[in-house]
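Student: Okay, here's the prediction I keep looking at, along with the sequence it came from:
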Amino acid sequence: MREQVKAGFADKNPAIVFDLGGVLLDWNPRYVYRSLFKGDEVAMERFLSEVCTPEWNSRQDAGRSLAEATAELLAQYPRHGELIEAYYGRWEEMLAGPIEGTVSVLEDLHGQGHYLCALSNWSAETFPIAQKRYDFLGRFQTIVLSGEERLIKPDPAIFQVLLKRIGRRAEECLFIDDVPANAEGARQLGFEAIVFTSPEDLRSQLRKYGLAV
(Lines give C-alpha, C1' and ligand atoms only; values in the text may rest on other atoms or scores of the structure.)
Protein backbone atom coordinates (compact mmCIF):
# COMPACT_ATOMS: atom_id res chain seq x y z
CA MET A 1 0.00 0.00 0.00
CA ARG A 2 1.29 3.43 -0.91
CA GLU A 3 2.18 5.57 2.12
CA GLN A 4 -0.05 8.55 2.75
CA VAL A 5 1.75 11.84 2.17
CA LYS A 6 1.38 14.30 5.04
CA ALA A 7 0.40 17.93 4.61
CA GLY A 8 2.96 20.00 2.77
CA PHE A 9 5.22 22.63 4.25
CA ALA A 10 4.81 26.39 4.00
CA ASP A 11 8.16 26.20 2.18
CA LYS A 12 8.64 23.50 -0.48
CA ASN A 13 12.26 23.12 0.63
CA PRO A 14 11.92 22.91 4.42
CA ALA A 15 14.79 23.25 6.83
CA ILE A 16 15.43 19.80 8.27
CA VAL A 17 16.60 20.02 11.86
CA PHE A 18 18.37 17.06 13.49
CA ASP A 19 19.05 16.33 17.12
CA LEU A 20 22.50 14.72 17.44
CA GLY A 21 22.90 12.40 20.43
CA GLY A 22 20.66 9.36 20.07
CA VAL A 23 19.82 10.25 16.46
CA LEU A 24 23.15 10.59 14.64
CA LEU A 25 25.63 9.73 17.37
CA ASP A 26 25.67 6.87 19.88
CA TRP A 27 26.72 8.36 23.22
CA ASN A 28 26.35 6.59 26.54
CA PRO A 29 28.35 6.91 29.80
CA ARG A 30 27.91 3.17 30.31
CA TYR A 31 30.56 2.54 27.66
CA VAL A 32 33.07 3.79 30.24
CA TYR A 33 31.47 2.78 33.50
CA ARG A 34 30.88 -0.87 32.67
CA SER A 35 34.63 -1.39 32.78
CA LEU A 36 35.09 0.77 35.87
CA PHE A 37 32.44 -1.23 37.74
CA LYS A 38 33.85 -4.50 36.38
CA GLY A 39 30.50 -5.59 35.04
CA ASP A 40 28.50 -4.87 38.19
CA GLU A 41 25.45 -3.43 36.42
CA VAL A 42 23.50 -2.79 39.63
CA ALA A 43 26.29 -0.71 41.19
CA MET A 44 26.87 1.14 37.93
CA GLU A 45 23.21 2.05 37.52
CA ARG A 46 23.05 3.19 41.14
CA PHE A 47 26.03 5.48 40.57
CA LEU A 48 24.54 6.92 37.37
CA SER A 49 21.18 7.51 39.04
CA GLU A 50 22.50 8.92 42.32
CA VAL A 51 25.85 10.62 41.59
CA CYS A 52 26.59 11.40 37.92
CA THR A 53 22.93 11.69 37.10
CA PRO A 54 21.27 12.73 33.82
CA GLU A 55 20.01 15.83 35.61
CA TRP A 56 23.56 16.74 36.66
CA ASN A 57 24.82 16.21 33.11
CA SER A 58 21.99 18.32 31.67
CA ARG A 59 23.26 21.32 33.61
CA GLN A 60 26.51 21.11 31.63
CA ASP A 61 24.42 20.85 28.47
CA ALA A 62 22.79 24.09 29.65
CA GLY A 63 26.14 25.86 29.91
CA ARG A 64 27.70 25.05 33.28
CA SER A 65 31.44 24.38 33.04
CA LEU A 66 32.75 20.84 33.33
CA ALA A 67 35.21 21.96 36.01
CA GLU A 68 32.46 23.43 38.17
CA ALA A 69 30.27 20.37 37.72
CA THR A 70 33.07 17.98 38.64
CA ALA A 71 34.10 20.02 41.67
CA GLU A 72 30.51 20.04 42.94
CA LEU A 73 30.29 16.24 42.94
CA LEU A 74 33.79 15.74 44.35
CA ALA A 75 32.76 17.87 47.34
CA GLN A 76 29.53 15.92 47.79
CA TYR A 77 30.86 12.41 47.15
CA PRO A 78 34.60 12.38 47.89
CA ARG A 79 34.72 8.58 48.15
CA HIS A 80 33.67 8.38 44.48
CA GLY A 81 36.40 10.76 43.34
CA GLU A 82 37.98 8.53 40.70
CA LEU A 83 34.61 7.58 39.23
CA ILE A 84 33.42 11.20 39.13
CA GLU A 85 36.59 12.42 37.43
CA ALA A 86 36.22 9.69 34.79
CA TYR A 87 32.95 11.19 33.54
CA TYR A 88 34.61 14.04 31.71
CA GLY A 89 38.16 12.74 31.91
CA ARG A 90 37.13 9.79 29.73
CA TRP A 91 34.14 11.41 28.05
CA GLU A 92 35.54 10.76 24.57
CA GLU A 93 35.22 7.00 25.22
CA MET A 94 31.48 7.46 25.77
CA LEU A 95 31.11 8.28 22.07
CA ALA A 96 30.69 4.88 20.46
CA GLY A 97 30.38 6.36 16.98
CA PRO A 98 27.83 7.33 14.35
CA ILE A 99 24.42 5.74 14.00
CA GLU A 100 25.26 4.77 10.44
CA GLY A 101 21.74 4.40 9.12
CA THR A 102 20.85 7.93 10.14
CA VAL A 103 24.09 9.31 8.75
CA SER A 104 23.10 7.69 5.45
CA VAL A 105 19.76 9.55 5.60
CA LEU A 106 21.62 12.79 6.33
CA GLU A 107 23.95 12.25 3.38
CA ASP A 108 21.00 11.58 1.08
CA LEU A 109 19.26 14.76 2.19
CA HIS A 110 22.48 16.71 1.75
CA GLY A 111 22.91 15.30 -1.73
CA GLN A 112 19.41 16.50 -2.61
CA GLY A 113 20.28 20.03 -1.55
CA HIS A 114 18.12 20.31 1.55
CA TYR A 115 18.87 22.96 4.17
CA LEU A 116 20.22 20.98 7.13
CA CYS A 117 20.48 22.17 10.73
CA ALA A 118 21.34 20.65 14.09
CA LEU A 119 19.73 21.59 17.40
CA SER A 120 21.29 19.67 20.25
CA ASN A 121 21.46 19.60 24.02
CA TRP A 122 25.24 19.33 24.25
CA SER A 123 28.02 20.89 26.31
CA ALA A 124 29.97 23.53 24.41
CA GLU A 125 33.17 22.07 25.92
CA THR A 126 32.69 18.50 24.69
CA PHE A 127 31.09 19.14 21.29
CA PRO A 128 34.41 20.05 19.59
CA ILE A 129 35.57 16.48 20.28
CA ALA A 130 32.73 15.08 18.20
CA GLN A 131 33.07 17.82 15.58
CA LYS A 132 36.73 16.99 15.04
CA ARG A 133 36.10 13.26 14.87
CA TYR A 134 33.03 13.06 12.60
CA ASP A 135 33.14 14.71 9.20
CA PHE A 136 29.41 14.36 8.61
CA LEU A 137 28.79 17.10 11.19
CA GLY A 138 30.11 19.45 8.52
CA ARG A 139 26.96 18.80 6.48
CA PHE A 140 24.99 21.15 8.71
CA GLN A 141 24.65 24.73 7.57
CA THR A 142 23.64 25.80 11.07
CA ILE A 143 24.32 24.19 14.45
CA VAL A 144 22.67 25.48 17.63
CA LEU A 145 24.05 24.04 20.87
CA SER A 146 22.36 24.34 24.24
CA GLY A 147 25.71 24.74 25.95
CA GLU A 148 26.53 27.81 23.88
CA GLU A 149 23.09 29.38 24.18
CA ARG A 150 22.61 28.46 27.86
CA LEU A 151 19.16 27.24 26.91
CA ILE A 152 18.05 23.64 26.73
CA LYS A 153 15.36 21.74 24.84
CA PRO A 154 12.41 21.69 25.15
CA ASP A 155 12.56 25.34 26.26
CA PRO A 156 10.79 27.27 23.46
CA ALA A 157 13.52 29.91 23.63
CA ILE A 158 16.16 27.65 22.09
CA PHE A 159 13.88 26.85 19.16
CA GLN A 160 13.40 30.57 18.66
CA VAL A 161 17.19 31.02 18.57
CA LEU A 162 17.34 28.48 15.76
CA LEU A 163 14.53 30.10 13.79
CA LYS A 164 16.08 33.54 14.07
CA ARG A 165 19.47 32.23 13.00
CA ILE A 166 18.20 30.46 9.90
CA GLY A 167 15.61 33.06 8.98
CA ARG A 168 12.72 30.60 8.83
CA ARG A 169 9.31 30.23 10.41
CA ALA A 170 8.53 27.11 12.42
CA GLU A 171 6.06 26.01 9.75
CA GLU A 172 8.97 25.82 7.31
CA CYS A 173 10.92 23.33 9.44
CA LEU A 174 10.92 19.61 10.16
CA PHE A 175 12.46 18.64 13.51
CA ILE A 176 13.84 15.17 14.35
CA ASP A 177 14.58 14.15 17.96
CA ASP A 178 14.63 10.89 19.92
CA VAL A 179 13.10 12.54 23.02
CA PRO A 180 9.31 12.79 22.71
CA ALA A 181 9.12 15.86 24.97
CA ASN A 182 11.50 17.73 22.66
CA ALA A 183 9.50 16.79 19.57
CA GLU A 184 6.28 17.86 21.27
CA GLY A 185 7.87 21.16 22.31
CA ALA A 186 8.72 21.80 18.67
CA ARG A 187 5.19 20.92 17.55
CA GLN A 188 3.73 23.38 20.04
CA LEU A 189 5.67 26.12 18.24
CA GLY A 190 4.45 25.08 14.81
CA PHE A 191 7.24 22.75 13.65
CA GLU A 192 6.52 19.46 11.98
CA ALA A 193 8.29 16.89 14.15
CA ILE A 194 9.36 13.25 14.04
CA VAL A 195 10.19 11.19 17.12
CA PHE A 196 13.24 9.20 16.08
CA THR A 197 13.14 5.48 16.87
CA SER A 198 15.34 3.99 14.14
CA PRO A 199 16.96 4.97 10.83
CA GLU A 200 14.49 2.76 8.97
CA ASP A 201 11.48 4.41 10.59
CA LEU A 202 12.98 7.84 9.93
CA ARG A 203 13.21 7.09 6.20
CA SER A 204 9.59 5.98 6.23
CA GLN A 205 8.47 9.12 8.08
CA LEU A 206 10.40 11.38 5.72
CA ARG A 207 8.72 9.77 2.72
CA LYS A 208 5.34 10.63 4.28
CA TYR A 209 6.42 14.27 4.11
CA GLY A 210 7.23 13.87 0.43
CA LEU A 211 10.98 13.77 1.07
CA ALA A 212 12.42 11.00 -1.07
CA VAL A 213 15.32 9.36 0.77
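Tutor: It's in. Residues are numbered from 1 along each chain as shown.
Student: For the rest of this, base every contact and every neighbour count on C-alpha atoms.
Tutor: OK.
Student: so how far is Asp40 from the nearest residue to Pro98 once chain neighbours are set aside?
Tutor: Spatially, and ignoring its direct neighbours in sequence, Pro98 is nearest to Leu25 (4.4 Å; Cα to Cα, 6 or more residues apart in numbering). To Asp40, Leu25 is 26 Å away according to Cα to Cα, to the nearest Å.
Student: Neighbour count for the two, which is higher?
Tutor: Leu25 (19 against 12; other Cα atoms under 10 Å).
Student: surely that one meets Leu95?
Tutor: Yes: between Leu25 and Leu95 there is a contact at 7.4 Å, judged by Cα atoms under 8 Å.
Student: The residue nearest to Pro98 and Glu85, how far apart?
Tutor: 23 Å.
Student: quick one, phi/psi of Glu107?
Tutor: phi -60, psi -40 (degrees, to the nearest 10).
Student: just for the protein, where's the confidence low?
Tutor: 1-12, 212-213 (pLDDT under 70).
Student: element containing Leu151, please.
Tutor: For Leu151, there is no host helix or strand (DSSP states H and E).
Student: Is it in contact with Arg64, as I believe?
Tutor: No: counting by Cα under 8 Å, Leu151 sits too far from Arg64 to count as a contact (10.9 Å).
Student: Centre of the chain to whatever helix or strand Glu72 lives in, how far?
Tutor: Assigned by DSSP H and E, Glu72 falls within helix 66-76. Mean-position distance between helix 66-76 and its chain equals 24 Å (Cα atoms, centre = their mean, to the nearest Å).
Student: What of stretch 121-134?
Tutor: 11 Å.
Student: buried sites along that stretch?
Tutor: 121-124, 126 (16 or more other Cα atoms under 10 Å).
Student: so can I have a markdown table of those residues showing distance to Gly138 and secondary structure?
Tutor: Formatted as a markdown table, these follow (distance: Cα to Cα, whole Å; DSSP: H, G, I helix; E, B strand; the rest coil):
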| residue | distance to Gly138 | secondary structure |
| --- | --- | --- |
| Asn121 | 18 | coil |
| Trp122 | 16 | coil |
| Ser123 | 18 | coil |
| Ala124 | 16 | coil |
| Thr126 | 16 | coil |
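Student: out of those residues, who's nearest Ser204?
Tutor: Asn121 (25.4 Å; Cα to Cα).
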